[in-house]
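Asks: Here is a sequence with its predicted model. Questions after.
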Amino acid sequence: MGKLALAAKITHVPSMYLSELDGPRKGTRQDAIDGHIEIGRRCRELGVDTIVVFDTHWLVNANYHVNCGPHFKGLYTSNELPHFISNLNYEFPGNPALGKLLAKTCNDMGVETLAHDATTLAPEYGTLVPMRYMNQDQHFKVISVSALCTVHYLNDSARLGWAMRKAIEEHYDGTVAFLASGSLSHRFAQNGLAPQYAFKIWSPFLEALDQKVISMWTDGDWKNFCAMLPEYAAKGHGEGFMHDTAMLLGALGWSDYNGKADIVTPYFGASGTGQMNVVFPVTPQTGAAIPAAVASNADGYTSVATRL
């Protein structure tokens, strides 16, 4: 039925917005902006109707959540970096029907997920920044998925990604793109040193670690990468504990994935963190390598319906 047409790991650094504004940062993130524009162009070319963003700025402490309101419009200031993103206008349509379908299929596969289509819940900047450059004309419907998961299992996030792909392929009449919105290493510069590290990685260790990961992606070494992801997330200060990456790789088949990374925006440093835009070709998969559900099989587990 439906199709997952594009999968990408993308940056959302707030300095992209600063790069638009008059001042010392003007134009300094044009390469990242151009990468977003290119990914948006590819989505249009592929006939994508909805973009699903795994957003590492949406923090959740229980379950997985899908923000699938019918329409999003507002004026956003970041509570994390209000001097970088302030009074950013945004507007784009949502896709409640697909959001509910994604959540249902995740639940059917043992990953407890709640869809929210009738609340005041607004997207975070892990969604807003890329949509500013990919979707200014509101061409795409947008769904946001919580990916700053504080007490969750990476295996469950991988299973969620696969469940969402199956929902699209088996039950949705349309074409979708998945974006994992988050960095590679994510160690911010120490307070007071941010300007010095505006275009640098925090440490040689983290830069070397990121470069090794990029080599694994371009070489297609997915078995080893999936095996090391928990340790990479911990030692690399992974943004959102790397749940966005686990979701994306789950959708691609996890350790059985057989594609190779297509780098759109080369690796760069931002306030100490490691960033890039990279597309992963979607290949046919059986799901044989997808991890089993963890949380829903734990002793003492009760569903959210029971807890509430």
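Replies: That came through fine. This is a predicted model, so every value here is computed, not measured.
Asks: Going by C-alpha atoms from here, please, whenever you check contacts or count neighbours.
Replies: OK.
Asks: ends of stretch 241-259, how far apart?
Replies: In terms of CA to CA, to the nearest Å, the two terminal residues of stretch 241-259 are separated by 24 Å.
Asks: Go ahead and measure how far that stretch is from the middle of the chain.
Replies: 11 Å (CA atoms, centre = their mean, to the nearest Å).
Asks: for stretch 83-94, same thing?
Replies: Using CA atoms, centre = their mean, the offset of stretch 83-94 from its chain centre is 18 Å.
Asks: quick one: H237 and P230, what's the gap?
Replies: Going from H237 to P230 by CA to CA gives 11 Å.
Asks: now the helices: where do they sit in the chain?
Replies: All helices of the chain, identified by DSSP state H, fall at 15-18, 30-45, 96-108, 125-134, 154-171, 204-219, 222-235, 243-252, 304-307.
Asks: any idea which of those helices is most buried?
Replies: Highest mean neighbour count of the helices of the chain: helix 243-252, a mean of 29 (counted as mean count of other CA atoms under 10 Å).
Asks: for that one, packing partners?
Replies: Here helix 243-252 is seen to pack against strand 3-10, strand 50-60, strand 141-149, helix 154-171, strand 175-181 when contacts are counted using 3 or more CA pairs under 8 Å, 6 or more residues apart in numbering; DSSP states H and E.
Asks: Next one: V48 from R42, what distance?
Replies: Going from V48 to R42 by CA to CA gives 9 Å.
Asks: Verify the contact between G274 and S183 for me.
Replies: Yes. Contact criterion CA atoms under 8 Å: G274 and S183 qualify, at 5.9 Å.
Asks: wait, doesn't V213 sit right on N224?
Replies: No. The pair V213 / N224 is not scored as a contact, 9.9 Å apart, by CA under 8 Å.
Asks: Kindly check the end-to-end length of stretch 100-118 for me.
Replies: 12 Å.
Asks: can you put the helices of the chain in CSV and add mean pLDDT and distance to G269?
Replies: CSV is the format used below for the helices of the chain (pLDDT from 0 to 100; distance: least, CA to CA, whole Å):
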stretch, mean pLDDT, distance to G269
helix 15-18, 96, 11
helix 30-45, 98, 11
helix 96-108, 98, 34
helix 125-134, 98, 17
helix 154-171, 98, 25
helix 204-219, 98, 9
helix 222-235, 98, 17
helix 243-252, 98, 19
helix 304-307, 73, 40
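Asks: quick one, which of those helices is nearest to Y76?
Replies: Counting by CA to CA, Y76 lies closest to helix 125-134 out of the helices of the chain; the figure is 8.3 Å.
Asks: for that closest one, packing partners?
Replies: helix 30-45, strand 50-60.
Asks: Dump these to a markdown table, plus distance to L179.
Replies: Output for the helices and strands packed on helix 125-134, formatted as a markdown table (distance: least, CA to CA, whole Å):
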| stretch | distance to L179 |
| --- | --- |
| helix 30-45 | 10 |
| strand 50-60 | 5 |
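Asks: Enumerate every residue touching the one residue sitting closest to the centre of the chain.
Replies: The residue lying closest to the centre of the chain (CA atoms, centre = their mean) is A180, at 2.1 Å. A180 sits next to A7, A8, K9, I10, V53, F54, D55, D244, T245, M247, L248 when contact means CA atoms under 8 Å, 6 or more residues apart in numbering.
Asks: again, only this time at 6 Å
Replies: K9, F54, D244 (CA atoms under 6 Å, 6 or more residues apart in numbering).
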